[in-house]
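**Student:** kindly generate the corresponding structure for this input.
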Amino acid sequence: MVRFAAITAVGALSAAGVAQALMTYTPTPVAAREAPLRGSQSYDPAAETASIAKAADGHFWAEGQVNGARVRFLVDTGASSIALNPLDAPRLGLEPATLVYDTPLHTANGDSLAARIKLSSVSVAGARMADVDAVVVGRGLATSLLGMSYLGRLSRFAATPNTLILQP
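**Tutor:** Numbering: from 1, shown residues only. Take a look at the predicted model:
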């Protein structure tokens, strides 16, 4: 019973922390989102780990290669899938106007529709996955998100105070 109470207390504190973080969230200025990621990612072949440094805005921004094209992602463990905005989709050979937007999304920015797709490859800092599920969001998504359809396929990922570690 004491163990259950402790787990409940930790859960409540975690929920309170998330609520506080959501209440104090400040959107990242466009210039900061589009700034180059020089030196913020690395891959250690000996340890088979990739790392992403936390940006000055407190988020983890990842430079990815998707189907051979560059995509800048906001790492989002709360996103169940990789979510591409309509501006990134054409660079990957997708034509947003021809996609079928039949998947409802419920996000912090409101409701939207998305089209389900499969990406042949996604690589972030050297951690590569093939055949990754994703969606193209019809509207309301300014930045593409690196979600759990990629992160969940890694053998391990962990966040430290300053670094996100990815292990393929």
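**Student:** now do the contacts for the residue nearest the centre of the chain.
**Tutor:** Residue closest to the average C-alpha location in the chain (C-alpha atoms, centre = their mean): Leu146, at 2.2 Å. Applying C-beta atoms under 8 Å, 6 or more residues apart in numbering to Leu146 gives the contacts Ala62, Gly64, Phe73, Leu74, Val75, Asp76, Ala79, Ile82, Val124. (Each C-beta comes from the backbone N, C-alpha and C, glycine too.)
**Student:** tell me the bridge partners for it.
**Tutor:** Val75 (DSSP bridges).
**Student:** circling back: quick one, which of the contacts of Leu146 are buried?
**Tutor:** Among the contacts of Leu146, those buried by neighbour count (16 or more other C-beta atoms under 10 Å) are Ala62, Gly64, Phe73, Leu74, Val75, Asp76, Ala79, Ile82, Val124.
**Student:** the second one against Ser121, yeah?
**Tutor:** No - assessed by C-beta atoms under 8 Å, Gly64 is found out of contact with Ser121, at 9.9 Å.
**Student:** neighbours of His59, how many?
**Tutor:** Neighbouring residues of His59 were enumerated by other C-beta atoms under 10 Å; the total is 17.
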